[in-house]
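give me the fold of what follows.
(chains A and B)
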Amino acid sequence: MTLTFEQRHHRNTTAFAYRILLPSLAFVLIFIGYPLVYSIWISFQDFKYGVPTGNVIWFRNFLDILTSSTVAPQFYNSLLVTLKFTVVAVAAVVIISLGIALIINERFRGNDLLKLALLLPYAIPGPVNAVMWNWIYDPTFGVLNGLLYQVGFIKEYFTITGNPDLALWGIAFAYIWKFVPYSTFLFVAGLSTIPQSVYEAAQMDCAGTWRIFRKVTLPLLMPVLQMVLVIQTIFALLMHFGLVFVLTRGGPGNATSTLAWLIYNESFTFTQFGRGAAMAIMLSLIMIVFIYLYLVVLNPEKRSARTQGA
Amino acid sequence: MLANTISGRRWRKQLLTLVATALILIYILAPICWAIVSSFQKESALEDRPPHFFPTAEIFTLSHYKFIFTGQIDKEATTMIQAQYTMSGTYILPGIVNSIVIALAVTAINLLFGLPAGHAFARYQFWGSSQVFMGFLVTRLLPAISIVIPMYILLQQFDLLDTKRALVGIYSAITLPFTIWILKAYFQNIPVEYEEAARMDGCGYLRTMWRVVIPLARPGIIAAAIFAFMAAYDEFVFATVLTSSLNSKTQTVIIAGLAQGLSASRGLIAAAAVVCFLPPVLLAILFRKQVVQGLTTRFA
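Here you go, the predicted model:
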């Protein structure tokens, strides 16, 4: 192991490094670490808003969420809604963005324009995106209804956000639109590391486009694909909140009541802080599985070092 | 003959690529275009069936933007439309100002503290460095909703609810880990010899940072600053719970509230959306090279 300059000249790098890290550490510990620990403590109480402190009831909140006849059905419904949303959103984002990335990778004149356009959905704030789609979906004057009607696809204007069978997919569509660009850029970067000579060799063997994609591109792209799958899952579990908030507020009924929405509603509409905190901890536990996959199993640190070294 | 079929195949492929590109562009741009087109239409035109896909002269109006920027309603506007220009329409601009002020403060904190931190992780091998670094990364990915309840209670105790300061603190904590991550990546790509040479010439830590490290890592620093700004400008979960007045309400909260008003003018909502997304969109377009490069440095 070669010593860095610092190590050769400073006897105590550790003390120096921590002095530099102190402000950042302080921010994270005060605004994330401490509240996180506190939220575990709240989840052990029957804490309600307005009551100074609740009684400590330990795992009662968790038990209620999982077994009681009032909360448990809502919780399981939210779990199912979140699962449906996440699977569809992640699959669609990955397929669409991979398709777009393959086209950008064709290297032709229009692809700079495509890259520029992709930046727009990425940069538009989530709630603003929600407001835009709310107007597109509008059941009385919305442009989507207008278009479908003009083409003769529908006989009457219909509601998307008010229909329990459609609302979640309306949200998913808007979500997918905003999150496609990010993974597209990742795929484009991944594709650019595949040397052109590999394709040329494959073409020499007269392999067709689909065959080249399956046998050459996909295997070489696998590390990026895994990364995108996991990071998109982490995003999808939470980043839909603004859309649900604006488009449906969990409704109709509880057709779009995702876990994130249920936690918000339980805590800030029904002021059940203890129970809300317990649900939030359960969501965090689900997410930690994916965070572990991402940071430890896939480890972007090591991977990018490898690609940069190449 | 062979050459013919190959060039024919190539030509067909190019045509396919072109068609696909056009379709993708429509998919990406249509929702944005519709928001922009709507924002320039008179309220009565927005309530026509079928909708007007292009703003012609007789339905064109600037009154929605005029209301957002000046709070004034056109004289010819009917009383019904006056009722639809709810008070919250005048909150858009203060909301954007709040968002920008908060986002700028967060960006400054990110650069001031995240820059040396990223450098420390890139250059020094110190006791616990990989554990602390991993800790930063985990906090970046944890769901905001899991700490919003304790945050509410804590801010209430310290009388900091509905203040910009509280949001600046929280957003800084959320964004710092990512800033540190991406800057670490950039610093690692710069050969350490430049810094060593500066040190040999007698530059201290601060001088080396200022004269050597920062100029060399400029693209990464720009990217990190833009990501911090956009993340703070976009944030919604904390903002909606922890703010209650124009004191600290950000544009995300204002526009979400505006869209939920049942009688709010549709043109006004569309114009508000356009005004709200302009700052981050312009930023992303202006610095597109650094943004795309930054997005893909660490695959996250």
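
remind me, longest helix of the chain?
You didn't pick a chain, so chain A it is. Longest helix in chain A by number of residues (criterion: DSSP state H): helix A:72-104.

that was the other one, I meant chain B.
Longest helix of chain B, by residue count under DSSP H: helix B:2-39.

mind giving me the packing neighbours of it?
For helix B:2-39, the packing partners by 3 or more CB pairs under 8 Å, 6 or more residues apart in numbering or on different chains; DSSP states H and E come out as helix A:72-104, helix A:111-123, helix A:126-136, helix A:167-192, helix B:266-286. Where you see a C-beta, it was placed from the backbone N, CA and C, and this is true even at glycine.

tell me the most buried of these?
When these are scored by mean count of other CB atoms under 10 Å in any protein chain shown, the highest mean neighbour count falls to helix A:126-136 (a mean of 26).

so after that helix, what's the next helix or strand?
Using DSSP states H and E, the helix or strand that follows helix A:126-136 towards the C-terminus is helix A:143-151.

is stretch A:127-141 in proximity to chain B?
Yes. Looking at stretch A:127-141 against chain B by CB under 8 Å from any CB of the partner chain, the contacts come from A:127-128, A:130-136, A:138, A:140-141.

what's around the residue of the stretch 201-310 of chain A found nearest chain B, how many residues?
The minimum distance from the stretch 201-310 of chain A to chain B, using CB to the nearest CB, falls at A:A280 (3.9 Å). As a burial measure, A:A280 scores 30 neighbours (other CB atoms under 10 Å in any protein chain shown).

repeat that for the one 4 residues further on.
By the criterion of other CB under 10 Å, A:S284 has 19 neighbours.

could I get the pLDDT score of A:K155?
pLDDT for A:K155: 82.

name the element it belongs to?
Short version: A:K155 belongs to no helix or strand, going by DSSP H and E.

now A:M239: closest residue in space, sequence neighbours ignored.
A:G126 (6.6 Å; CB to CB, 6 or more residues apart in numbering or on different chains).

no no, B:V281
In space, and not counting its chain neighbours, B:V281 is closest to A:A123: 4.6 Å by CB to CB, 6+ apart.

quick check: the one you found touching B:P280?
Yes. If you go by CB atoms under 8 Å, A:A123 and B:P280 touch, sitting 4.4 Å apart.

shared neighbours of these two, anything?
Here A:A123 and B:P280 have B:M230 as joint contacts, going by CB atoms under 8 Å, 6 or more residues apart in numbering or on different chains.

tabulate the residues of stretch A:127-141 next to chain B (a markdown table), appending distance to A:F27 and pLDDT.
A markdown table is the format used below for those (distance: CB to CB, whole Å; pLDDT from 0 to 100):
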| residue | distance to A:F27 | pLDDT |
| --- | --- | --- |
| A:P127 | 25 | 93 |
| A:V128 | 27 | 94 |
| A:A130 | 29 | 94 |
| A:V131 | 31 | 93 |
| A:M132 | 33 | 94 |
| A:W133 | 34 | 94 |
| A:N134 | 35 | 92 |
| A:W135 | 38 | 91 |
| A:I136 | 39 | 92 |
| A:D138 | 42 | 88 |
| A:T140 | 47 | 84 |
| A:F141 | 46 | 83 |
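
CSV for those residues, including distance to B:Y27?
Output for the residues of stretch A:127-141 next to chain B, formatted as CSV (distance: CB to CB, whole Å):
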residue, distance to B:Y27
A:P127, 21
A:V128, 18
A:A130, 18
A:V131, 19
A:M132, 14
A:W133, 13
A:N134, 19
A:W135, 18
A:I136, 13
A:D138, 20
A:T140, 25
A:F141, 22
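
circling back to that earlier point, show me how far the next helix or strand after the longest helix of chain B is from its chain's centre.
The first helix or strand that comes after helix B:2-39 along the chain, using DSSP H and E, is helix B:43-46. How far helix B:43-46 lies from its chain's middle: 30 Å, per CA atoms, centre = their mean, to the nearest Å.

one more: stretch A:20-32?
The chain centroid and the centroid of stretch A:20-32 are separated by 25 Å under CA atoms, centre = their mean.

and for it, what's in contact with it?
Residues outside stretch A:20-32 that contact it (CB under 8 Å, 6+ apart): A:18, B:109, B:112-114, B:116-117, B:119-120, B:132, B:135-136, B:139, B:142, B:147, B:151, B:169-170, B:172-174, B:176-177, B:180.

what is the burial count for residue 146?
Picking chain A for this. Applying other CB under 10 Å, we find 19 residues neighbouring A:G146.

I was thinking of chain B, sorry if that wasn't clear
B:S146 has 27 neighbouring residues, counting by other CB under 10 Å.

give me the residue at the spatial middle of the chain.
You didn't say which chain, so I picked chain A. A:F235 (1.2 Å; CA atoms, centre = their mean).

that answer is for a different chain, and I need it for chain B
B:M230 (2.6 Å).

excluding chain neighbours, what is closest to it?
Spatial nearest neighbour of B:M230, excluding adjacent residues (CB to CB, 6+ apart): B:P280 at 5.0 Å.
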